[in-house]
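A.B. asks: Please find the sequence and the predicted model below.
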Amino acid sequence: MEYKCNKLSYRPSATVIIATKKKVDANANFEILLFERSTNTSFAPGHCVFPGGTFEEASDECQEWMNYFEEYGVSSNQLDRLIVKEPNTKRTNSLLSTGKSFSREISLRITACRETFEEVGILFFRNHKTLKKLSSTPTFGEDYEDVNFDRVGWQFAVHKDAKQFLNLCRSLHVVPDLWSLYEWSLWRSPFTAEKRYDTVFYFVSSTKKPTVLLEHSEVKRTMVSF
């Protein structure tokens, strides 16, 4: 049988592996957030997956993000730290920058943060204080916690319109924590798959379990006690 692959059919996406410390040491001193997808989803229904989803250029790579970063005080050097500079790194076309707005390494991290919040309600963030402390040493991801934070309302808004993620960050006076997401691997779907993705897997660790709020149209249940 001969298979024909449409080179334009691969969509960029981002996935986040979230590890948190366990209170009691057992075989391992950490846990990984894994959840079972709803059977009603169009992609991988009923499968066990990490948080993540498809890159949306209109929301994740729009100039408004760069304007907001500049307003917030994010320096160009801080953003440059996110860009892969190794000349021999093999990246597919869908994961390469288009040159329209800014680096794809930045926008895919925005995708990762947005999809994580949309699916499981976890918002990894930095405020002015933690942004100033940004250094070359590895950092832990921190979930936004505030008694007045309407996590349910904002999750619904972002699920309906990906552009609302920027408005969420503006309203909370924070920026998504792109720097605690460490690129782990690049995966490509088999060309025989009906839906095909070029996916960047990011790893983030947290010192405590974040607040999990499942978006039940996409997520059925978590597979660990988050």
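C.D. replies: Yep, that arrived.

A.B. asks: tell me the secondary structure for L79?
C.D. replies: Of the three states, L79 takes helix under DSSP: H, G, I helix; E, B strand; the rest coil.

A.B. asks: That one touches E70, doesn't it?
C.D. replies: No. Assessed by CB atoms under 8 Å, L79 is found out of contact with E70, at 9.8 Å. Heads up, the C-betas are built off the backbone N, CA and C, glycines and all.

A.B. asks: Which one's more surrounded, those two?
C.D. replies: Each of L79 and E70 has its neighbours counted (other CB atoms under 10 Å); L79 has more, 18 against 12.

A.B. asks: Spatially nearest residue to F102, not counting backbone neighbours?
C.D. replies: Nearest in space to F102, with sequence neighbours left out and distances taken as CB to CB, 6 or more residues apart in numbering, is M66 at 5.6 Å.

A.B. asks: Check I106 too.
C.D. replies: L82 (5.4 Å).

A.B. asks: That neighbour: how many residues sit nearby?
C.D. replies: The tally of other residues near L82 (other CB under 10 Å) stands at 17.

A.B. asks: Then T92?
C.D. replies: T92: 12 neighbours (other CB under 10 Å).

A.B. asks: The one 10 residues further on now?
C.D. replies: Summarising burial for F102: neighbours were counted as other CB under 10 Å, giving 20.

A.B. asks: so it, which of the three states?
C.D. replies: Recorded secondary structure, F102: coil (three-state DSSP).

A.B. asks: quick one on the thing from earlier: give the contact list for the residue nearest to I106.
C.D. replies: By CB atoms under 8 Å, 6 or more residues apart in numbering, the contact list for L82 reads S103, E105, I106, R109, L178, W179.

A.B. asks: same check, this time on E118
C.D. replies: Remark: with contacts taken as CB under 8 Å, 6+ apart, E118 is in contact with G53, Q155, V158, H159, A162, F165, E215, E218.

A.B. asks: Helix or strand: which one has it?
C.D. replies: helix 104-120 (DSSP states H and E).

A.B. asks: for that helix, what is the average pLDDT?
C.D. replies: Average pLDDT, helix 104-120: 95.

A.B. asks: I'd like the next helix or strand past it.
C.D. replies: The helix or strand immediately downstream of helix 104-120 is strand 125-126, counting by DSSP H and E.

A.B. asks: For that next one, name the packing helices and strands.
C.D. replies: For strand 125-126, the elements it packs on are strand 175-176, judged by 3 or more CB pairs under 8 Å, 6 or more residues apart in numbering; DSSP states H and E.
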